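K.L.:
I would like the atomic coordinates for the input below:
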Amino acid sequence: LEDAYQDDIVMTLEYTPGDVDWDGYAHLDVNGYDAYAVSTGDYNLLSFEKDGLLYTMTCRYDVNTLVDLGYHIL
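P.N.:
The predicted model follows:
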């Protein structure tokens, strides 16, 4: 997904595999839903479950890019 601030997002969707191990992820509340994030020097990741799907999004520069999109999905 192309971002206006050139922090393009890659999103994958898959059926929820059941219990996801969120160890090592930071817990976030996005619109009342549980979301989980990882931020490194190379990439940022945000993941959450909704309606039986696991959403995983990555971008390069700012995890807030992903959180903003998450608000629109959730």
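
K.L.:
hmm, residue 7 is touching residue 57, no?
P.N.:
No. In this structure, residue 7 sits apart from residue 57 without contact. The criterion is Cβ atoms under 8 Å, and the distance is 11.1 Å. In this view, the C-beta of every residue, glycine as well, is placed from N, C-alpha and C.

K.L.:
who has more neighbours, the two?
P.N.:
Counting neighbours by other Cβ atoms under 10 Å for residue 7 and for residue 57 shows that residue 57 has the greater number, 24 against 16.

K.L.:
so how far is residue 38 from the more buried one?
P.N.:
From residue 57 over to residue 38 the distance is 11 Å, taken as Cβ to Cβ, to the nearest Å.

K.L.:
shared neighbours, the two?
P.N.:
Common neighbours of residue 57 and residue 38, counting by Cβ atoms under 8 Å, 6 or more residues apart in numbering, are residue 45.

K.L.:
spit out the contact partners of the closest residue to residue 10 other than its chain neighbours.
P.N.:
Spatially, and ignoring its direct neighbours in sequence, residue 10 is nearest to residue 58 (5.0 Å; Cβ to Cβ, 6 or more residues apart in numbering). Taking Cβ under 8 Å, 6+ apart, we find residue 58 in contact with 9-10, 43-46, 66.
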